[in-house]
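Participant: Got a predicted structure plus its sequence, pasted below:
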Amino acid sequence: MSDAALTIEHALLAARQAGVDRLDAQLMLCELLGQNRTWLLAHDRDPLAPDTLARFQSWVTRRAQGEPLAYLLGDKEFFGLSLQVNPQVLIPRPDTEILVEWALERLATNPAQDVLDLGTGSGAIALALQHRCPQARVTAVDASAGALQTAEHNARKLGLPVRFRLGSWLQAVQGETFDLIVSNPPYIAEHDPHLQALTHEPISALTSGPDGLDDIRHIVAAARSHLRPSGWLLLEHGYDQAEAVGALLAQAGYAHIETRLDLGGNTRCTGGQTLPRSA
Ligand code: GLN
């Protein structure tokens, strides 16, 4: 990008020439200028201050090299909430909103339930559930202290009373039981070529053994003793893992196994219910 890019319009053109999507470039400028897109579109002839231009150019270079927009902007919208994100946490995906919607269906008739979110990352699922269902008692777990700090920051900023626990999966809530357990665990196979597009996000949030199912296998087995009778376990998984996850749930004794589709029509979430209390 040359230093001739003095106005907003010039800067946007130069960003385009560097290979950055126009909308991404606009959103970067909005963040740097503290303005919204309506303002930006009406001020495309305005000159950019040299320090703003320099910061924009550095973001354009990083974006062109594949750094996710959300890490540059520092936040990502999920289920109507603005969440702080950074390289310690997976960037929340719109497809994960399907898991939140399913969990909200489970909470609709009886909202005052104990809910657990395993591997909360930015806190996206737990915070969306707590926001939409204030009566739920939501606990969120992550094995990464950096992720948990980000999630706690998001909860404070949004004023949501989610309880956070540091630790590996269900070890973080020893001796506790829940009505509903949800998780978007890592589920990509270790050598999946798709990972090449995800190098900026934490690998621990993405991969899980040779077939991508190591953590799901662990959660399915370990969640049993943390679920009350008739409790639900709802899991996000890879587009081709629904059958395998359903079989794992069946083997572990869950009933009413169901699968939900994501926004692209792929089977993306599978869940099951523990047996009711025997009479
Ligand atoms: N759905 C994400 C992706 O494929 C991965 C999320 C995950 O592993 N939980 O980009």
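Facilitator: Right, received. Where do you want to start?

Participant: For the stretch 1-150 of the chain, what lies in contact range of the ligand?
Facilitator: For the stretch 1-150 of the chain, the residues in contact with the ligand (Cβ under 6 Å from any ligand atom) are Arg93. Every C-beta, even on glycine, is put in place using the N, C-alpha and C of the backbone.

Participant: burial measure for the residue in the stretch 1-150 of the chain positioned nearest to the ligand, as a count.
Facilitator: Among the residues of the stretch 1-150 of the chain, Arg93 lies closest to the ligand, at 5.2 Å counting by Cβ to the nearest ligand atom. By the criterion of other Cβ atoms under 10 Å, Arg93 has 16 neighbours.

Participant: pLDDT wise, what is it at?
Facilitator: Looking at Arg93, its pLDDT is 98.

Participant: Give the next helix or strand downstream of the lengthiest strand in the chain.
Facilitator: Secondary structure of the chain read by DSSP state E shows that its longest strand is strand 227-236. Where DSSP states H and E defines the elements, the next helix or strand beyond strand 227-236 is helix 242-251.

Participant: Tell me the first helix or strand C-terminal of that next one.
Facilitator: Following helix 242-251 in sequence order, the next helix or strand is strand 255-261 (DSSP H and E).

Participant: Just want the phi and psi numbers for the residue nearest to the spatial centre of the chain.
Facilitator: When Cα atoms, centre = their mean is applied to the chain, the residue found nearest the centroid is Pro92 (2.6 Å). Main-chain torsions, Pro92, degrees, to the nearest 10: phi -60, psi 140.

Participant: Quick check: it vs Leu99, distance?
Facilitator: 11 Å (Cβ to Cβ, to the nearest Å).

Participant: What pLDDT does the model give the residue nearest to Leu69 when sequence neighbours are not counted?
Facilitator: Residue nearest to Leu69 in three dimensions, not counting chain neighbours: Asp24, with 5.1 Å by Cβ to Cβ, 6 or more residues apart in numbering. For Asp24, the model assigns a pLDDT of 98.

Participant: Kindly report the same for Ala5.
Facilitator: So Ala5 comes in at 48 (pLDDT).

Participant: What ranges does this structure have for its helices?
Facilitator: Counting by DSSP state H, one finds helices in the chain at the ranges 8-17, 22-33, 37-42, 50-64, 69-73, 97-108, 124-132, 145-158, 214-223, 242-251.

Participant: Mind listing residues that contact the second one?
Facilitator: If you take Cβ atoms under 8 Å, 6 or more residues apart in numbering as the criterion, helix 22-33 is touched by 8, 11-12, 15-16, 35-37, 39-40, 52, 55-56, 59-60, 63, 69, 72-74.

Participant: Can you select the buried ones among those residues for me in ChimeraX?
Facilitator: To isolate the buried ones among those in ChimeraX, judged by 16 or more other Cβ atoms under 10 Å, type:
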select :8,11,12,15,40,55,56,59,60,63,69,72,73
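
Participant: Which one of the helices of the chain lies nearest to Asp262?
Facilitator: Asp262 lies closest, by Cβ to Cβ, to one member of the helices of the chain: helix 97-108, at 5.5 Å.

Participant: gap between that closest one and the chain center?
Facilitator: 15 Å (Cα atoms, centre = their mean, to the nearest Å).

Participant: Could you do stretch 191-200 as well?
Facilitator: With Cα atoms, centre = their mean, you get 17 Å for stretch 191-200.

Participant: Low-confidence ranges, the stretch 151-279 of the chain, go.
Facilitator: 279 (pLDDT under 70).

Participant: Which positions in it make contact with the ligand?
Facilitator: Residues of the stretch 151-279 of the chain found near the ligand (Cβ under 6 Å from any ligand atom) are 184, 186-188, 198, 206.

Participant: Where does the prediction get shaky in the stretch 1-150 of the chain?
Facilitator: Ranges of the stretch 1-150 of the chain meeting pLDDT under 70: 1-5.

Participant: Pull out the buried positions in stretch 112-122.
Facilitator: Buried, per 16+ other Cβ under 10 Å, within stretch 112-122: 113-122.

Participant: I'd like the residues you listed as JSON lines, with distance to Tyr254 appended.
Facilitator: Below are these laid out as JSON lines (distance: Cβ to Cβ, whole Å):
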{"residue": "Gln113", "distance to Tyr254": "18"}
{"residue": "Asp114", "distance to Tyr254": "18"}
{"residue": "Val115", "distance to Tyr254": "17"}
{"residue": "Leu116", "distance to Tyr254": "16"}
{"residue": "Asp117", "distance to Tyr254": "18"}
{"residue": "Leu118", "distance to Tyr254": "16"}
{"residue": "Gly119", "distance to Tyr254": "19"}
{"residue": "Thr120", "distance to Tyr254": "22"}
{"residue": "Gly121", "distance to Tyr254": "25"}
{"residue": "Ser122", "distance to Tyr254": "28"}
